[in-house]
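Asks: how would this look folded up:
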Amino acid sequence: MATSCFADRLAKHVPLSDAEKKALTRLEENPRKVRRGAMIQRVNEMVTELFVLREGRVMSFVILPDGSRQILRVYFPGDFIGSASTIYSRAPESLVALSDAIICPFDKHALRRLLEEYPRVAALLFLLSNAERVALTDRLASLGRTSAKARVASFLLDIFDRLRVTDDSITDSFDLKLTQEEIGDAIGLTSVHVNRMIRQMEQEGLISRANGRITLRDMARLEEIGHYTNRHKDMDLDWLPGME
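Replies: Numbers count the residues shown, from 1 in each chain. Reported below is the predicted structural model:
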């Protein structure tokens with residue numbers, strides 16, 4: 001059976017049947033390579049496709065009235081991209097490749113068929129969508145109520161925990177693969193301010209950097225500084241339908 005990175009991601013939460021894995025694999029039958037900086041979707045365009053990200057990184061964003069950019073979400077391999085577009089005919093956000101990437105587009109109607117035939121997959125998508133919503137709510141609260149240092153700490157921890165969902169080899173370090181401008185656009189800071197906070201955390205022994213890789217040296221202290229809660233673990237799955 002062909003493998004599906006989306007199925008692998010969902011299987012981190014509950015075991016999937018062979019039929020469920022096969023159905024999810026069909027969503028990835030038409031991979032498309034995109035170059036770094038390529039626009040995948042523009043805000044207010046008609047939505048006909050949703051996506052699974054197989055390789056690389058993609059971000060969603062909007063341009064604010066003053067011309068500044070607000071990054072809403074950074075996507076990693078195994079992520080379902082476009083949940084916000086499932087309920088609108090026009091895209092509520094733009095999507096751009098942060099690196100060379102492979103995306104797997106599929107028609108919206110394919111999602112409907114999947115949800116009709118496999119209600120447990122539908123429940124998992126509902127669960128992950130709500131976990132994403134809560135994580136975004138945490139970030140929204142931090143933008144108005146926490147310090148710059150807290151925002152950077154929380155952002156780094158969230159990236160780390162999300163990458164660990166699908167990569168068991170990650171223990172205390174990860175490839176950031178984001179510019180300081182991109183980090184700033186996600187948490188409402190200038191790139192200069194982000195740089196200052198990262199250097200300060202390095203000097204305090206909280207993190208270290210080498211060749212674009214971030215090592216978290218004092219996670220407990222970072223969680224305290226960032227008022228951070230890992231929204232990607234300790235999920236209540238008892239209510240999910242059983243495997244048929």
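
Asks: Can you report phi and psi for the residue nearest to the spatial centre of the chain?
Replies: With distances taken as C-alpha atoms, centre = their mean, the chain has residue 75 as the residue nearest its mean C-alpha position (3.6 Å). Reported as degrees, to the nearest 10, the phi and psi values for residue 75 are phi -110, psi 150.

Asks: Also residue 52?
Replies: phi -110, psi 130.

Asks: re the thing from before, pretty sure the residue nearest to the centre of the chain contacts residue 53?
Replies: Yes: using C-beta atoms under 8 Å, residue 75 is in contact with residue 53, at 5.1 Å. For every residue, glycine as well, the C-beta is placed using N, CA and C.

Asks: returning to that earlier point: measure the residue nearest to the centre of the chain to residue 124 for me?
Replies: If you measure residue 75 against residue 124 using C-beta to C-beta, to the nearest Å, the figure is 17 Å.

Asks: which stretches of this protein aren't confidently modelled?
Replies: 1-2, 244 (pLDDT under 70).

Asks: show me where it has strands.
Replies: Assigned by DSSP state E, the strands in the chain fall at 32-34, 39-41, 49-55, 58-63, 69-75, 80-81, 94-97, 101-107, 173-175, 207-210, 213-216.

Asks: Of all these, which one comes closest to residue 144?
Replies: Across the strands of the chain, the minimum distance to residue 144, taken as C-beta to C-beta, is reached by strand 69-75, at 13.4 Å.

Asks: By neighbour count, which bits of that closest one are buried? Give me those.
Replies: By 16 or more other C-beta atoms under 10 Å, the buried positions in strand 69-75 come out as 69, 71-75.

Asks: and of those residues, the nearest to residue 155?
Replies: Using C-beta to C-beta, residue 74 is the member of those that sits closest to residue 155, with 9.4 Å.

Asks: Just grab the bridge partners of the closest one for me.
Replies: Beta-bridge partners of residue 74, counted by DSSP bridges, are residue 59.

Asks: Adding distance to residue 14, write the strands of the chain out as TSV.
Replies: TSV is the format used below for the strands of the chain (distance: least, C-beta to C-beta, whole Å):
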stretch	distance to residue 14
strand 32-34	29
strand 39-41	29
strand 49-55	18
strand 58-63	25
strand 69-75	22
strand 80-81	16
strand 94-97	28
strand 101-107	22
strand 173-175	25
strand 207-210	33
strand 213-216	28
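
Asks: ok, now how distant is the residue nearest to the centre of the chain from residue 84?
Replies: Computed with C-beta to C-beta, the distance linking residue 75 and residue 84 is 12 Å.

Asks: next one: residue 102
Replies: Residue 102 sits 21 Å away from residue 84, taking C-beta to C-beta as the criterion.

Asks: Counting neighbours, what do you get for the closest residue to residue 198 other than its chain neighbours?
Replies: By the measure of C-beta to C-beta, 6 or more residues apart in numbering, the closest residue to residue 198 outside its immediate chain neighbours is residue 152, 6.5 Å from it. The local packing of residue 152 (other C-beta atoms under 10 Å) involves 27 other residues.

Asks: Please look at residue 152 and residue 197 and confirm they touch.
Replies: Yes: applying C-beta under 8 Å as the test, residue 152 and residue 197 come out as touching, 4.4 Å apart.
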